[in-house]
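Okay, structure incoming, though there's no sequence with it:
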Ligand code: BG6
(Lines give C-alpha, C1' and ligand atoms only; values in the text may rest on other atoms or scores of the structure.)
Protein backbone atom coordinates (compact mmCIF):
# COMPACT_ATOMS: atom_id res chain seq x y z
CA UNK A 1 0.00 0.00 0.00
CA UNK A 2 1.26 3.51 -0.84
CA UNK A 3 2.40 5.52 2.12
CA UNK A 4 2.74 9.25 2.74
CA UNK A 5 5.21 11.15 4.83
CA UNK A 6 4.23 14.31 6.68
CA UNK A 7 6.82 17.07 7.24
CA UNK A 8 8.95 16.84 10.38
CA UNK A 9 7.57 20.10 11.81
CA UNK A 10 3.96 19.01 11.15
CA UNK A 11 2.32 18.72 14.57
CA UNK A 12 -0.17 16.19 15.90
CA UNK A 13 -2.63 16.84 18.66
CA UNK A 14 -6.26 16.65 19.61
CA UNK A 15 -9.17 19.01 20.09
CA UNK A 16 -11.81 19.28 22.76
CA UNK A 17 -13.77 22.04 24.46
CA UNK A 18 -14.44 23.17 28.01
CA UNK A 19 -18.22 22.68 28.07
CA UNK A 20 -17.97 19.20 26.51
CA UNK A 21 -15.41 17.85 28.93
CA UNK A 22 -14.95 19.76 32.18
CA UNK A 23 -18.15 18.91 34.00
CA UNK A 24 -18.18 20.43 37.50
CA UNK A 25 -20.88 22.70 36.20
CA UNK A 26 -21.68 24.26 39.59
CA UNK A 27 -18.27 24.04 41.21
CA UNK A 28 -15.84 26.88 41.82
CA UNK A 29 -18.22 29.76 41.20
CA UNK A 30 -19.10 28.66 37.67
CA UNK A 31 -22.18 30.38 36.28
CA UNK A 32 -24.75 28.57 34.18
CA UNK A 33 -24.26 28.64 30.45
CA UNK A 34 -27.02 27.98 27.94
CA UNK A 35 -26.29 24.25 27.89
CA UNK A 36 -26.70 23.96 31.66
CA UNK A 37 -29.91 25.97 31.52
CA UNK A 38 -31.34 24.01 28.61
CA UNK A 39 -30.39 20.76 30.38
CA UNK A 40 -32.27 21.97 33.46
CA UNK A 41 -35.31 23.08 31.54
CA UNK A 42 -35.61 20.43 28.80
CA UNK A 43 -33.61 17.33 29.51
CA UNK A 44 -35.65 15.44 26.90
CA UNK A 45 -33.90 17.50 24.22
CA UNK A 46 -30.70 15.57 24.98
CA UNK A 47 -29.84 12.09 23.72
CA UNK A 48 -30.61 9.56 26.46
CA UNK A 49 -31.44 12.56 28.69
CA UNK A 50 -27.77 13.25 29.40
CA UNK A 51 -27.30 16.96 30.06
CA UNK A 52 -24.21 19.12 30.23
CA UNK A 53 -23.37 18.64 33.89
CA UNK A 54 -20.54 16.10 33.93
CA UNK A 55 -19.00 16.54 30.47
CA UNK A 56 -16.59 13.62 30.34
CA UNK A 57 -15.42 14.34 33.90
CA UNK A 58 -12.24 16.02 32.70
CA UNK A 59 -11.86 18.36 35.68
CA UNK A 60 -11.60 15.36 37.95
CA UNK A 61 -9.48 13.29 35.58
CA UNK A 62 -7.34 15.82 33.75
CA UNK A 63 -3.98 14.56 34.98
CA UNK A 64 -4.67 11.04 33.72
CA UNK A 65 -6.04 12.38 30.43
CA UNK A 66 -2.93 14.51 29.89
CA UNK A 67 -0.81 11.43 30.62
CA UNK A 68 -2.69 9.60 27.87
CA UNK A 69 -1.98 12.43 25.39
CA UNK A 70 1.70 12.52 26.30
CA UNK A 71 1.97 8.74 26.09
CA UNK A 72 0.58 8.83 22.56
CA UNK A 73 3.31 11.31 21.65
CA UNK A 74 0.97 14.25 21.04
CA UNK A 75 2.58 17.66 21.43
CA UNK A 76 -0.48 19.91 21.62
CA UNK A 77 -4.18 19.98 22.31
CA UNK A 78 -6.91 22.55 22.03
CA UNK A 79 -9.53 23.24 24.61
CA UNK A 80 -11.71 26.23 25.39
CA UNK A 81 -11.93 28.45 28.41
CA UNK A 82 -15.52 28.64 29.58
CA UNK A 83 -16.63 32.26 29.78
CA UNK A 84 -19.10 31.16 32.47
CA UNK A 85 -16.24 29.76 34.57
CA UNK A 86 -13.61 32.44 34.10
CA UNK A 87 -15.80 35.45 34.83
CA UNK A 88 -18.42 36.19 37.48
CA UNK A 89 -21.82 37.73 36.84
CA UNK A 90 -20.31 41.22 37.01
CA UNK A 91 -17.90 40.37 34.23
CA UNK A 92 -14.96 40.28 36.67
CA UNK A 93 -12.40 37.51 37.04
CA UNK A 94 -13.60 34.53 39.07
CA UNK A 95 -10.39 33.57 40.94
CA UNK A 96 -11.46 29.93 41.35
CA UNK A 97 -12.13 29.59 37.65
CA UNK A 98 -8.81 31.21 36.79
CA UNK A 99 -7.02 28.89 39.22
CA UNK A 100 -8.42 25.83 37.44
CA UNK A 101 -7.12 26.97 34.06
CA UNK A 102 -3.71 27.83 35.57
CA UNK A 103 -3.61 24.33 37.05
CA UNK A 104 -4.55 22.72 33.76
CA UNK A 105 -2.03 24.71 31.71
CA UNK A 106 0.76 23.97 34.18
CA UNK A 107 -0.03 20.25 34.22
CA UNK A 108 0.03 20.24 30.40
CA UNK A 109 3.36 22.10 30.29
CA UNK A 110 4.80 19.57 32.77
CA UNK A 111 4.06 16.87 30.20
CA UNK A 112 5.44 18.79 27.21
CA UNK A 113 1.96 19.53 25.85
CA UNK A 114 1.18 22.93 24.35
CA UNK A 115 -2.38 24.07 25.01
CA UNK A 116 -4.15 25.93 22.22
CA UNK A 117 -6.85 28.06 23.83
CA UNK A 118 -10.16 28.87 22.22
CA UNK A 119 -12.35 31.51 23.87
CA UNK A 120 -15.80 30.47 22.74
CA UNK A 121 -17.29 27.09 21.82
CA UNK A 122 -21.09 27.63 21.61
CA UNK A 123 -21.25 28.39 25.35
CA UNK A 124 -22.93 31.71 26.05
CA UNK A 125 -23.39 32.42 29.78
CA UNK A 126 -27.11 32.31 30.45
CA UNK A 127 -27.39 35.77 32.04
CA UNK A 128 -25.92 37.26 28.85
CA UNK A 129 -28.18 35.14 26.67
CA UNK A 130 -31.09 36.61 28.60
CA UNK A 131 -29.77 40.06 27.68
CA UNK A 132 -29.96 39.25 23.98
CA UNK A 133 -26.98 36.94 23.46
CA UNK A 134 -25.27 37.49 20.13
CA UNK A 135 -28.17 39.64 18.96
CA UNK A 136 -26.98 42.34 21.35
CA UNK A 137 -24.02 44.63 20.73
CA UNK A 138 -23.64 45.01 24.51
CA UNK A 139 -22.96 41.28 24.71
CA UNK A 140 -20.45 41.68 21.89
CA UNK A 141 -18.67 44.30 24.02
CA UNK A 142 -18.86 42.00 27.05
CA UNK A 143 -17.18 39.27 25.00
CA UNK A 144 -14.36 41.64 24.02
CA UNK A 145 -13.81 42.44 27.71
CA UNK A 146 -13.82 38.73 28.55
CA UNK A 147 -11.19 38.15 25.86
CA UNK A 148 -9.10 41.00 27.23
CA UNK A 149 -9.22 39.52 30.75
CA UNK A 150 -8.25 36.08 29.43
CA UNK A 151 -5.30 37.52 27.48
CA UNK A 152 -4.10 39.40 30.57
CA UNK A 153 -4.51 36.41 32.87
CA UNK A 154 -2.92 33.74 30.67
CA UNK A 155 -0.87 35.79 28.21
CA UNK A 156 2.46 34.61 29.55
CA UNK A 157 1.39 30.93 29.58
CA UNK A 158 -0.38 30.46 26.26
CA UNK A 159 1.08 30.99 22.81
CA UNK A 160 -1.84 30.00 20.61
CA UNK A 161 -5.27 31.60 20.85
CA UNK A 162 -8.53 31.44 18.93
CA UNK A 163 -11.45 33.82 19.18
CA UNK A 164 -14.17 31.36 18.11
CA UNK A 165 -14.82 27.78 17.15
CA UNK A 166 -17.19 27.40 14.19
CA UNK A 167 -18.88 30.81 14.25
CA UNK A 168 -21.42 29.67 11.64
CA UNK A 169 -22.91 27.01 13.89
CA UNK A 170 -24.81 29.05 16.48
CA UNK A 171 -26.58 31.30 13.95
CA UNK A 172 -27.53 28.14 12.03
CA UNK A 173 -28.44 25.74 14.82
CA UNK A 174 -30.06 28.15 17.25
CA UNK A 175 -31.67 30.69 14.93
CA UNK A 176 -32.26 29.02 11.56
CA UNK A 177 -32.65 25.24 11.67
CA UNK A 178 -34.25 25.14 15.11
CA UNK A 179 -31.99 22.36 16.38
CA UNK A 180 -30.64 24.06 19.52
CA UNK A 181 -32.28 26.33 22.06
CA UNK A 182 -34.07 28.72 21.43
CA UNK A 183 -34.97 26.60 18.37
CA UNK A 184 -35.86 29.43 16.01
CA UNK A 185 -36.34 29.53 12.24
CA UNK A 186 -35.50 33.14 11.49
CA UNK A 187 -32.94 33.99 8.84
CA UNK A 188 -32.90 37.68 9.66
CA UNK A 189 -32.07 37.04 13.35
CA UNK A 190 -29.48 34.46 12.38
CA UNK A 191 -27.85 37.04 10.10
CA UNK A 192 -27.66 39.50 12.99
CA UNK A 193 -26.03 36.83 15.15
CA UNK A 194 -23.56 35.94 12.40
CA UNK A 195 -22.71 39.59 11.85
CA UNK A 196 -22.30 40.36 15.55
CA UNK A 197 -20.06 37.33 16.05
CA UNK A 198 -17.94 38.66 13.19
CA UNK A 199 -17.67 42.01 14.96
CA UNK A 200 -16.89 40.20 18.24
CA UNK A 201 -14.06 38.30 16.55
CA UNK A 202 -12.60 41.58 15.29
CA UNK A 203 -12.86 43.31 18.68
CA UNK A 204 -11.22 40.36 20.46
CA UNK A 205 -8.45 40.38 17.86
CA UNK A 206 -7.96 44.09 18.53
CA UNK A 207 -7.71 43.38 22.30
CA UNK A 208 -5.14 40.71 21.54
CA UNK A 209 -3.01 43.15 19.51
CA UNK A 210 -3.30 45.72 22.31
CA UNK A 211 -2.20 43.16 24.91
CA UNK A 212 0.72 42.27 22.65
CA UNK A 213 1.70 45.93 22.36
CA UNK A 214 1.60 46.25 26.17
CA UNK A 215 3.89 43.22 26.54
CA UNK A 216 1.19 41.12 28.25
CA UNK A 217 1.50 38.26 25.77
CA UNK A 218 4.34 35.90 25.05
CA UNK A 219 6.59 37.16 22.27
CA UNK A 220 5.53 34.28 20.05
CA UNK A 221 1.79 34.63 20.76
CA UNK A 222 -0.56 34.19 17.83
CA UNK A 223 -4.28 34.62 17.33
CA UNK A 224 -6.55 32.75 14.97
CA UNK A 225 -10.09 31.74 14.14
CA UNK A 226 -11.46 28.23 13.70
CA UNK A 227 -14.30 27.46 11.32
CA UNK A 228 -15.79 24.37 9.73
CA UNK A 229 -14.54 25.04 6.24
CA UNK A 230 -16.34 22.53 4.07
CA UNK A 231 -15.69 22.99 0.38
CA UNK A 232 -18.96 23.47 -1.55
CA UNK A 233 -19.68 21.15 -4.44
CA UNK A 234 -22.67 20.69 -6.70
CA UNK A 235 -23.90 18.24 -9.33
CA UNK A 236 -21.52 16.96 -11.98
CA UNK A 237 -23.54 18.68 -14.68
CA UNK A 238 -24.72 21.85 -12.95
CA UNK A 239 -27.24 24.43 -14.10
CA UNK A 240 -26.58 28.17 -13.67
CA UNK A 241 -28.84 28.05 -10.62
CA UNK A 242 -26.82 25.20 -9.08
CA UNK A 243 -23.63 27.24 -9.51
CA UNK A 244 -25.36 30.19 -7.92
CA UNK A 245 -26.23 27.95 -4.93
CA UNK A 246 -22.55 27.02 -4.65
CA UNK A 247 -21.53 30.68 -4.75
CA UNK A 248 -23.83 31.57 -1.86
CA UNK A 249 -23.08 28.43 0.16
CA UNK A 250 -19.35 28.93 -0.21
CA UNK A 251 -19.79 32.67 0.33
CA UNK A 252 -21.67 32.33 3.61
CA UNK A 253 -19.76 29.37 5.08
CA UNK A 254 -16.23 29.84 3.83
CA UNK A 255 -15.45 33.15 2.12
CA UNK A 256 -17.27 35.23 4.75
CA UNK A 257 -14.71 34.16 7.38
CA UNK A 258 -11.70 33.82 5.10
CA UNK A 259 -12.20 37.40 3.87
CA UNK A 260 -12.45 38.71 7.44
CA UNK A 261 -9.36 36.92 8.67
CA UNK A 262 -7.25 37.73 5.62
CA UNK A 263 -8.52 41.17 4.48
CA UNK A 264 -10.78 42.56 7.20
CA UNK A 265 -13.75 42.70 4.81
CA UNK A 266 -16.96 40.80 4.04
CA UNK A 267 -17.57 39.30 0.58
CA UNK A 268 -19.32 42.02 -1.45
CA UNK A 269 -21.17 39.62 -3.76
CA UNK A 270 -22.73 37.82 -0.78
CA UNK A 271 -23.86 41.09 0.83
CA UNK A 272 -25.32 42.22 -2.50
CA UNK A 273 -27.34 39.01 -2.92
CA UNK A 274 -28.55 39.24 0.69
CA UNK A 275 -29.70 42.82 0.10
CA UNK A 276 -31.48 41.85 -3.10
CA UNK A 277 -33.42 39.38 -0.96
CA UNK A 278 -34.31 42.07 1.58
CA UNK A 279 -31.70 40.99 4.17
CA UNK A 280 -29.69 43.88 5.56
CA UNK A 281 -26.77 43.57 7.94
CA UNK A 282 -27.20 45.45 11.23
CA UNK A 283 -24.32 47.80 10.35
CA UNK A 284 -23.37 50.57 12.71
CA UNK A 285 -21.25 53.58 11.86
CA UNK A 286 -17.61 52.62 12.34
CA UNK A 287 -18.16 48.91 11.67
CA UNK A 288 -16.07 48.94 8.47
CA UNK A 289 -13.11 50.05 10.62
CA UNK A 290 -13.85 47.34 13.19
CA UNK A 291 -13.89 44.70 10.45
CA UNK A 292 -10.46 45.87 9.40
CA UNK A 293 -9.19 44.58 12.77
CA UNK A 294 -10.15 41.01 11.79
CA UNK A 295 -6.99 39.64 10.15
CA UNK A 296 -5.34 36.88 12.16
CA UNK A 297 -1.99 35.13 12.27
CA UNK A 298 -3.36 31.77 11.21
CA UNK A 299 -6.44 29.69 10.82
CA UNK A 300 -8.01 26.48 12.09
CA UNK A 301 -10.00 24.36 9.65
CA UNK A 302 -12.48 21.85 11.09
CA UNK A 303 -13.31 19.34 8.40
CA UNK A 304 -15.80 16.51 8.75
CA UNK A 305 -17.69 16.37 5.47
CA UNK A 306 -18.09 18.27 2.21
CA UNK A 307 -20.98 20.62 1.59
CA UNK A 308 -22.96 19.45 -1.44
CA UNK A 309 -25.63 21.81 -2.66
CA UNK A 310 -28.01 22.44 -5.53
CA UNK A 311 -30.43 25.17 -6.55
CA UNK A 312 -33.26 25.48 -4.01
CA UNK A 313 -36.60 24.21 -5.29
CA UNK A 314 -38.41 27.27 -3.86
CA UNK A 315 -37.19 30.83 -3.14
CA UNK A 316 -38.35 30.70 0.49
CA UNK A 317 -38.88 28.05 3.16
CA UNK A 318 -42.11 27.40 5.04
CA UNK A 319 -41.20 30.13 7.56
CA UNK A 320 -40.73 32.72 4.80
CA UNK A 321 -36.93 32.70 5.06
CA UNK A 322 -34.94 33.14 1.86
CA UNK A 323 -33.32 29.97 0.57
CA UNK A 324 -30.01 30.13 -1.25
CA UNK A 325 -29.12 26.44 -1.57
CA UNK A 326 -30.61 23.01 -0.92
CA UNK A 327 -28.66 19.97 0.16
CA UNK A 328 -27.67 17.63 -2.64
CA UNK A 329 -26.85 13.97 -2.13
CA UNK A 330 -24.08 12.91 -4.47
CA UNK A 331 -25.02 9.51 -5.92
CA UNK A 332 -21.46 8.26 -5.36
CA UNK A 333 -21.25 9.47 -1.76
CA UNK A 334 -19.71 7.15 0.80
CA UNK A 335 -21.52 7.71 4.06
CA UNK A 336 -20.80 7.31 7.71
CA UNK A 337 -24.27 5.85 8.01
CA UNK A 338 -24.44 6.06 11.79
CA UNK A 339 -23.75 9.85 11.82
CA UNK A 340 -25.29 10.58 8.42
CA UNK A 341 -22.25 12.53 7.26
CA UNK A 342 -20.50 11.92 3.95
CA UNK A 343 -16.92 10.68 4.11
CA UNK A 344 -14.94 12.57 1.49
CA UNK A 345 -11.25 12.86 2.44
CA UNK A 346 -10.36 14.72 -0.75
CA UNK A 347 -12.31 17.73 0.56
CA UNK A 348 -9.45 18.47 2.92
CA UNK A 349 -7.08 18.65 -0.06
CA UNK A 350 -9.51 20.89 -1.96
CA UNK A 351 -9.65 23.28 1.00
CA UNK A 352 -5.85 23.44 1.10
CA UNK A 353 -5.69 24.16 -2.62
CA UNK A 354 -8.39 26.83 -2.33
CA UNK A 355 -6.37 28.57 0.38
CA UNK A 356 -3.21 28.35 -1.68
CA UNK A 357 -4.94 29.79 -4.74
CA UNK A 358 -7.28 32.41 -3.24
CA UNK A 359 -5.65 33.27 0.10
CA UNK A 360 -1.91 32.85 -0.43
CA UNK A 361 0.13 33.42 2.69
CA UNK A 362 -2.65 32.29 5.04
CA UNK A 363 -1.31 29.43 7.15
CA UNK A 364 -3.70 26.92 8.64
CA UNK A 365 -3.93 23.60 10.41
CA UNK A 366 -6.68 21.00 10.57
CA UNK A 367 -8.21 21.89 13.90
CA UNK A 368 -10.86 19.13 13.97
CA UNK A 369 -11.42 16.00 11.92
CA UNK A 370 -12.83 12.74 13.11
CA UNK A 371 -15.44 10.04 12.82
CA UNK A 372 -18.35 9.66 15.23
CA UNK A 373 -20.00 6.26 15.48
CA UNK A 374 -23.31 5.57 17.18
CA UNK A 375 -23.49 2.44 19.29
CA UNK A 376 -19.76 1.86 19.14
CA UNK A 377 -18.44 -0.95 21.26
CA UNK A 378 -20.35 -3.95 19.99
CA UNK A 379 -17.12 -5.29 18.51
CA UNK A 380 -14.41 -5.85 21.07
CA UNK A 381 -11.21 -7.83 21.16
CA UNK A 382 -10.48 -10.48 23.76
CA UNK A 383 -8.85 -7.79 25.89
CA UNK A 384 -12.11 -5.82 25.89
CA UNK A 385 -10.83 -3.01 23.65
CA UNK A 386 -13.11 -1.61 20.95
CA UNK A 387 -12.11 -2.74 17.47
CA UNK A 388 -12.40 0.39 15.33
CA UNK A 389 -10.56 -0.18 12.08
CA UNK A 390 -12.95 2.32 10.42
CA UNK A 391 -11.34 5.08 12.55
CA UNK A 392 -7.89 4.14 11.32
CA UNK A 393 -9.15 4.14 7.73
CA UNK A 394 -10.88 7.52 8.15
CA UNK A 395 -7.90 9.30 9.68
CA UNK A 396 -5.40 7.63 7.37
CA UNK A 397 -7.30 8.73 4.26
CA UNK A 398 -7.60 12.32 5.49
CA UNK A 399 -3.93 12.50 6.48
CA UNK A 400 -2.97 11.12 3.06
CA UNK A 401 -4.85 13.95 1.33
CA UNK A 402 -3.27 16.47 3.71
CA UNK A 403 0.18 15.13 2.83
CA UNK A 404 -0.63 15.49 -0.84
CA UNK A 405 -1.87 19.08 -0.38
CA UNK A 406 1.33 19.96 1.49
CA UNK A 407 3.41 18.43 -1.31
CA UNK A 408 1.56 20.69 -3.73
CA UNK A 409 2.21 23.82 -1.68
CA UNK A 410 -0.70 24.10 0.78
CA UNK A 411 0.32 25.87 4.01
CA UNK A 412 -1.08 23.20 6.37
CA UNK A 413 0.99 22.98 9.53
CA UNK A 414 -0.66 20.33 11.69
CA UNK A 415 -3.61 18.16 12.65
CA UNK A 416 -5.82 17.96 15.72
CA UNK A 417 -8.12 14.97 15.89
CA UNK A 418 -11.63 15.43 17.31
CA UNK A 419 -11.78 14.09 19.93
CA UNK A 420 -9.04 12.04 21.49
CA UNK A 421 -11.33 10.93 24.33
CA UNK A 422 -15.10 10.41 23.85
CA UNK A 423 -16.94 13.46 25.13
CA UNK A 424 -20.34 14.99 25.66
CA UNK A 425 -21.59 16.55 22.45
CA UNK A 426 -24.40 19.08 22.99
CA UNK A 427 -27.87 17.72 22.24
CA UNK A 428 -26.28 14.52 20.91
CA UNK A 429 -24.67 13.94 24.33
CA UNK A 430 -22.68 10.65 24.08
CA UNK A 431 -24.53 9.36 21.01
CA UNK A 432 -21.69 9.59 18.48
CA UNK A 433 -18.37 8.36 19.82
CA UNK A 434 -15.30 10.01 18.30
CA UNK A 435 -12.47 9.06 20.63
CA UNK A 436 -9.38 6.97 20.19
CA UNK A 437 -10.05 6.50 23.90
CA UNK A 438 -13.38 5.13 25.11
CA UNK A 439 -15.28 6.66 28.00
CA UNK A 440 -17.31 3.95 29.73
CA UNK A 441 -20.40 5.58 31.18
CA UNK A 442 -21.30 2.38 32.98
CA UNK A 443 -17.99 2.44 34.87
CA UNK A 444 -17.94 5.99 36.19
CA UNK A 445 -16.41 7.56 33.06
CA UNK A 446 -13.45 5.14 33.02
CA UNK A 447 -11.05 5.54 30.08
CA UNK A 448 -9.92 2.64 27.91
CA UNK A 449 -7.87 2.84 24.68
CA UNK A 450 -9.61 1.63 21.54
CA UNK A 451 -7.55 -0.50 19.13
CA UNK A 452 -7.00 2.52 16.83
CA UNK A 453 -4.90 4.24 19.52
CA UNK A 454 -1.99 1.87 18.75
CA UNK A 455 -2.05 2.99 15.12
CA UNK A 456 -2.23 6.66 16.09
CA UNK A 457 0.79 6.33 18.34
CA UNK A 458 2.85 4.92 15.50
CA UNK A 459 1.82 7.62 13.01
CA UNK A 460 2.62 10.36 15.52
CA UNK A 461 6.03 8.84 16.18
CA UNK A 462 7.00 8.26 12.54
CA UNK A 463 5.01 10.86 10.59
CA UNK A 464 4.42 8.08 8.11
CA UNK A 465 0.84 7.39 7.12
CA UNK A 466 0.10 3.90 5.83
C1 LIG B 1 -17.92 19.79 15.70
C2 LIG B 1 -17.96 20.63 16.97
O3 LIG B 1 -18.41 20.52 14.64
O4 LIG B 1 -18.67 18.61 15.75
C5 LIG B 1 -17.86 19.77 18.21
O6 LIG B 1 -16.95 21.62 16.98
C7 LIG B 1 -18.79 18.56 18.12
O8 LIG B 1 -18.13 20.57 19.34
C9 LIG B 1 -18.44 17.76 16.87
O10 LIG B 1 -18.72 17.77 19.26
C11 LIG B 1 -19.22 16.46 16.71
O12 LIG B 1 -20.58 16.63 16.75
P13 LIG B 1 -21.62 15.42 16.94
O14 LIG B 1 -22.96 16.06 16.84
O15 LIG B 1 -21.38 14.43 15.83
O16 LIG B 1 -21.36 14.80 18.25
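Arrived safely, thanks for sending. Computed from a predicted model, the values in this text were never measured in an experiment.

Give me the neighbour count for the closest residue to the ligand within the stretch 251-400 of the chain.
Going by Cβ to the nearest ligand atom, the ligand is nearest to residue 372 of the stretch 251-400 of the chain, at 4.2 Å. Backbone N, C-alpha and C define where each C-beta goes, glycine included. When neighbours are counted by other Cβ atoms under 10 Å, residue 372 registers 22.

now the one 5 residues further on
Using other Cβ under 10 Å, residue 377 has 16 neighbouring residues.

same thing with residue 16?
Counted with other Cβ under 10 Å, residue 16 comes out at 27.

same question, the one 5 residues further on
Using other Cβ under 10 Å, the number of residues around residue 21 comes to 24.

I figured it was touching residue 56, is that so?
Yes. Between residue 21 and residue 56 there is a contact at 5.0 Å, judged by Cβ atoms under 8 Å.

Find residues that contact each of the two.
421, 423, 424 (Cβ atoms under 8 Å, 6 or more residues apart in numbering).

Dump those to CSV, plus neighbour count and pLDDT.
Converted to CSV, those look like this (neighbours: other Cβ atoms under 10 Å; pLDDT from 0 to 100):
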residue, neighbour count, pLDDT
421, 24, 98
423, 23, 98
424, 27, 98
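
Which of those residues sits closest to the ligand?
Nearest to the ligand among the shared contacts of residue 21 and residue 56, with distances taken as Cβ to the nearest ligand atom, is residue 423, at 7.0 Å.

Show the contacting residues for the residue of the chain found nearest the ligand.
Residue of the chain nearest the ligand, by Cβ to the nearest ligand atom: residue 425 (3.1 Å). By Cβ under 8 Å, 6+ apart, residue 425 lies in contact with 20, 372, 431, 432, 434.

out of the residues you listed, which is most surrounded?
Greatest neighbour count in the contacts of residue 425, by other Cβ under 10 Å, goes to residue 434: 26 neighbours.

In this structure that one contacts residue 372, no?
Yes. If you go by Cβ under 8 Å, residue 434 and residue 372 touch, sitting 4.7 Å apart.

The ligand contacts on the stretch 251-400 of the chain?
Neighbours of the ligand within the stretch 251-400 of the chain, by Cβ under 6 Å from any ligand atom: 302, 339, 368, 372.

Let me have those in CSV, extended by secondary structure and pLDDT.
Formatted as CSV, those follow (DSSP: H, G, I helix; E, B strand; the rest coil; pLDDT from 0 to 100):
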residue, secondary structure, pLDDT
302, strand, 98
339, coil, 91
368, strand, 98
372, coil, 98
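
Of these, which is the most crowded?
Counting by other Cβ under 10 Å, top hit in those: residue 368 with 24 neighbours.

give the contact list for that residue.
15, 226, 228, 300, 302, 303, 304, 416, 417, 418.

of these, closest to residue 141?
residue 226 (22.3 Å; Cβ to Cβ).

would that closest one count as being in a strand?
Yes. Under DSSP: H, G, I helix; E, B strand; the rest coil, residue 226 sits within a strand.

That one against residue 118, yeah?
Yes. Using Cβ under 8 Å, residue 226 is in contact with residue 118, at 6.5 Å.

Now for these two: what residues contact both?
The overlap between the contact sets of residue 226 and residue 118 (Cβ under 8 Å, 6+ apart) consists of 162, 164, 165.

and the first one, helix, strand or coil?
Spelled out, it's residue 162. strand.

what sits against it?
Each residue near residue 162 by Cβ under 8 Å, 6+ apart is listed here: 78, 116, 117, 118, 119, 223, 224, 225, 226, 300, 367.

Residue 40 too?
So residue 40 contacts 32, 51 (Cβ under 8 Å, 6+ apart).

Show me where the chain dips below the pLDDT cut-off.
1 (pLDDT under 70).

in the biggest helix by length in it, what counts as buried?
In the chain, taking DSSP state H as the definition, the longest helix is helix 187-213. Buried positions in helix 187-213, judged by neighbour count with 16 or more other Cβ atoms under 10 Å: 187, 189-208, 211-212.

Of all residues in this structure, which one is nearest the centre?
Nearest to the geometric centre of the chain sits residue 165, at 3.8 Å (Cα atoms, centre = their mean).

For the stretch 101-250 of the chain, which segments are assigned as strands?
Under the criterion DSSP state E, counting those that start in this stretch, the stretch 101-250 of the chain contains strands at 114-118, 160-165, 222-227, 232-233.

Buried deepest among these, which one?
strand 160-165 (a mean of 25; mean count of other Cβ atoms under 10 Å).

Quick one: check that strand for contact with the ligand.
Yes. Against the ligand, strand 160-165 shows contacts by Cβ under 6 Å from any ligand atom at residue 165.

same check, this time on stretch 43-53
No. Stretch 43-53 is not in contact with the ligand by Cβ under 6 Å from any ligand atom; minimum separation 9.1 Å.

Now do the buried residues in that stretch.
Per 16+ other Cβ under 10 Å, stretch 43-53 contains these buried residues: 45, 46, 50, 51, 52.

got it, and stretch 59-78?
For stretch 59-78, burial by neighbour count (16+ other Cβ under 10 Å) applies to 59-62, 65-66, 68-69, 72, 74, 76-78.

Ok, stretch 140-152 next?
140, 142, 143, 144, 146, 147, 148, 149, 150, 151.

Which members of those residues occur in helices, if any?
Here DSSP H is the test, and these give 140, 142, 143, 144, 146, 147, 148, 149, 150, 151 as lying in helices.

quick one: contacts for residue 157?
Residues in contact with residue 157 (Cβ under 8 Å, 6+ apart) are 102, 105, 106, 109, 218.

Sort out which of those residues are in helices and list them.
Counting by DSSP H, the contacts of residue 157 contribute 102, 105, 106, 109 to helices.

Show the backbone phi and psi for the residue nearest to the second one when sequence neighbours are not counted.
To tie it back to what came earlier, the one meant is residue 105. Sequence neighbours aside, residue 157 is the residue nearest to residue 105 in space, at 4.9 Å (criterion: Cβ to Cβ, 6 or more residues apart in numbering). When read as degrees, to the nearest 10, the backbone of residue 157 gives phi -100, psi -30.

what's the distance between residue 157 and residue 103?
Taking Cβ to Cβ, to the nearest Å as the measure, residue 157 and residue 103 are separated by 11 Å.

Same check on residue 273?
49 Å.

Between the two, point out the one with more neighbours.
residue 273 (18 against 13).

in terms of contact, does the more buried one touch residue 324 like I think?
Yes. Using Cβ under 8 Å as the test, residue 273 is close enough to residue 324 to be in contact (7.4 Å).

and which of the residues of the stretch 251-400 of the chain next to the ligand is nearest to residue 351?
residue 302 (10.4 Å).

Spit out the contact partners of the closest one.
Residues counted as contacts of residue 302 (Cβ under 8 Å, 6+ apart) are 165, 166, 226, 227, 228, 229, 366, 367, 368, 369, 418.

Before I go, just wanted to say thanks for your time.
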